[in-house]
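Student: 3D model of this:
(chains A and B)
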Amino acid sequence: MSQVSVKQNAKVELQPQGEKAEAKKEIVYSTEKVNLWYGKTHALHDIELDQREQEVTAIIGPSGCGKSTYIKTLNRMVEMNPDVKVTGKIYYRGQNIYDRRFPVEELRTRVGMVFQKPNPFPKSVFDNVAYGPKIHGIRDKKLLEQIVEESLKGAAIWDEVKDRLQENAFGLSGGQQQRLCIARCLAVEPDVILMDEPTSALDPKSTLKVEELVQELKAKYSIMIVTHNMQQAARISDRTAFFLNGEVVEFDKTDTIFSNPNDSRTEDYITGRFG
Amino acid sequence: MMIRNTFMTELEQLKQDITALGKDIQQAFHSVYDAMAENCVPALKDLIDADDAINAKELEINEQATLVIAKQQPVASDLRHIIVCLKISSDLERMGDLSVDMAKAYMHMSSREAFLAYKEDLDKIQASVTVMIDRVLEAYASLDVLKAQQIAGMDDEIDRAYGELVKALFKSDYSADQTAQLAFIARYMERIGDYCTNIAEWIIYEVNGKRFDLN
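Tutor: Model prediction:
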């Protein structure tokens, strides 16, 4: 009986199937060689990262890897710590925000932030949302009402609070408070929303609501979200950056990161081999 | 992570189940061909009945894989490992069905004259398919991409041998029922070769994360 021959060491040229071209989107934030020190501790090393318009970028990585520090560099909130030193450049819409002449107040108007724990002001639901626009000089009651309604609708909480606008915001549930904080952020019409673990203090249902909201918001805003929940990053983001020991190990399309990452450290982290 | 050890055991178990199913398929193919060669119809009937056990094993693998996905929410190489288990188990199950189809086709022949006349050609195809099954199971066990790529070349040779046999059968003077059933038997073996190539593609996908068409 004869058998087929096997071509030993035959190299077969293979072309992968199903590769798609990607539409280019404008870059909102561009980080170039950013290093950061807390006193003598070197916390961020040569960070290079882009945030594209109307996209969600997720930042993942183990505790202490520099995720939160990094997003706080984007609105210069990190400078609230007097021991911090930052080098490198971060361009927002083409302007280096670490240029001394760059107006920080304007940056913080254009770049909203949502924190891990909901932090409503001890005021009514209405006043929480109207606070930012009032600070920016809007006094017209009708206009304020309109902004509050639109912002609460934008944060998918209007139906739940429309009859409780004058009640204290602390009376809302944790999930509602977090969406109220998102509404407060939307009220000043930001360009970018930074979210630092926005669902880590919420129950699963509230988490899903915030995740759906993020998906809706990206039609109008560019969003960067720090999360410990890798499934969340996989569900809601377009791109994912994996941070480790203050470095960006890998930054790629989320589909790639969670299906076939290039770096073995990313693979080890997302599959739970460490972290 | 605490659950990683359990998870690794579950992934390894799936691989072992696929390997065991592969050996069953290998054995079923050999046994069907041997029973045909020896004209042992009772053995063929037993082998047809034994296919139920193979189908049950495939279902069990599917259920296990579904449970692991639900419990562990795997990503990246872990997820590919499970998806590939599902794909390969399905391909192996189809290979089992084709062995059964060979047995049934043989039993439909009114005489084995034509089978004996063309046995040498059938033997060649059978031997080649046997090598393909062996190689693809080896490639899966060691996740050997080069071995998986080489399987495609073997399939081309089986296709050629099958084409030549069918041409010869069309020209032969044997009764239509014999030539048709013989052509079916050869066709089923050729299809088993195609499934081996499919499995080879899944092996490459598990390793590289990209699908390649080897056919």
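Student: tell me who's in contact with residue 25.
Tutor: Using chain A. By CB atoms under 8 Å, 6 or more residues apart in numbering or on different chains, the contact list for A:Lys25 reads A:Arg52, A:Glu53, A:Gln54, A:Glu55. From N, CA and C alone the C-beta is placed, and that goes for glycine too.
Student: not quite, go with chain B.
Tutor: With CB under 8 Å, 6+ apart as the criterion, the residues that contact B:Ile25 are B:Ile54, B:Leu92, B:Met95, B:Gly96, B:Ser99, B:Ile133.
Student: that older thread, tell me the buried residues within the contacts of A:Lys25.
Tutor: Among those, the ones that count as buried by 16 or more other CB atoms under 10 Å in any protein chain shown are A:Arg52, A:Glu55.
Student: for A:Ile147, see how far away the closest residue to A:Leu143 other than its chain neighbours is.
Tutor: Counting by CB to CB, 6 or more residues apart in numbering or on different chains, A:Leu143 lies nearest to A:Pro133, which is 7.9 Å off, once chain neighbours are set aside. Here the distance between A:Pro133 and A:Ile147 works out to 5 Å (CB to CB, to the nearest Å).
Student: can you check which residues contact both of the two?
Tutor: The contact sets of A:Pro133 and A:Ile147 overlap at A:Ala187 (CB under 8 Å, 6+ apart).
Student: other SSEs contacting the strand or helix carrying the residue nearest to A:Leu143?
Tutor: A:Pro133 belongs to helix A:125-135 when elements are defined using DSSP states H and E. Counting contacts by 3 or more CB pairs under 8 Å, 6 or more residues apart in numbering or on different chains; DSSP states H and E, the secondary-structure elements packed against helix A:125-135 are helix A:141-154, helix A:174-186.
Student: now with 10 Å, please.
Tutor: Here helix A:125-135 touches helix A:141-154, helix A:158-161, helix A:174-186, going by 3 or more CB pairs under 10 Å, 6 or more residues apart in numbering or on different chains; DSSP states H and E.
Student: out of those helices, deepest packed?
Tutor: Of all the helices and strands packed on helix A:125-135, helix A:174-186 carries the top mean neighbour count, a mean of 24, counting by mean count of other CB atoms under 10 Å in any protein chain shown.
Student: can you name every helix or strand that it contacts?
Tutor: Secondary-structure packing of helix A:174-186 (3+ CB pairs under 10 Å, 6+ apart): strand A:111-114, helix A:125-135, helix A:141-154, helix A:158-161, strand A:192-196, helix A:204-217.
Student: export these as JSON lines, with columns for mean pLDDT.
Tutor: Rendered in JSON lines, the data for the helices and strands packed on helix A:174-186 read as follows (pLDDT from 0 to 100):
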{"stretch": "strand A:111-114", "mean pLDDT": "94"}
{"stretch": "helix A:125-135", "mean pLDDT": "95"}
{"stretch": "helix A:141-154", "mean pLDDT": "95"}
{"stretch": "helix A:158-161", "mean pLDDT": "94"}
{"stretch": "strand A:192-196", "mean pLDDT": "96"}
{"stretch": "helix A:204-217", "mean pLDDT": "90"}
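Student: tell me which of those sits nearest to B:Leu44.
Tutor: Distances from B:Leu44 to each of the helices and strands packed on helix A:174-186 were compared using CB to CB; the shortest belongs to helix A:204-217, at 55.6 Å.
Student: verify the stated contact: A:Leu208 with A:Asn229.
Tutor: No - taking contact to mean CB atoms under 10 Å, the distance of 11.4 Å between A:Leu208 and A:Asn229 leaves them out of contact.
Student: name the residues contacting each of the two.
Tutor: Between them, A:Leu208 and A:Asn229 share these contacting residues under CB atoms under 10 Å, 6 or more residues apart in numbering or on different chains: A:Thr199, A:Arg235.
Student: show me the shaky parts of chain B.
Tutor: Judged against pLDDT under 70, the low-scoring parts of chain B cover residues B:1-3.
Student: how about it: which residue is closest to chain A?
Tutor: B:Gly209 (3.0 Å; CB to the nearest CB).
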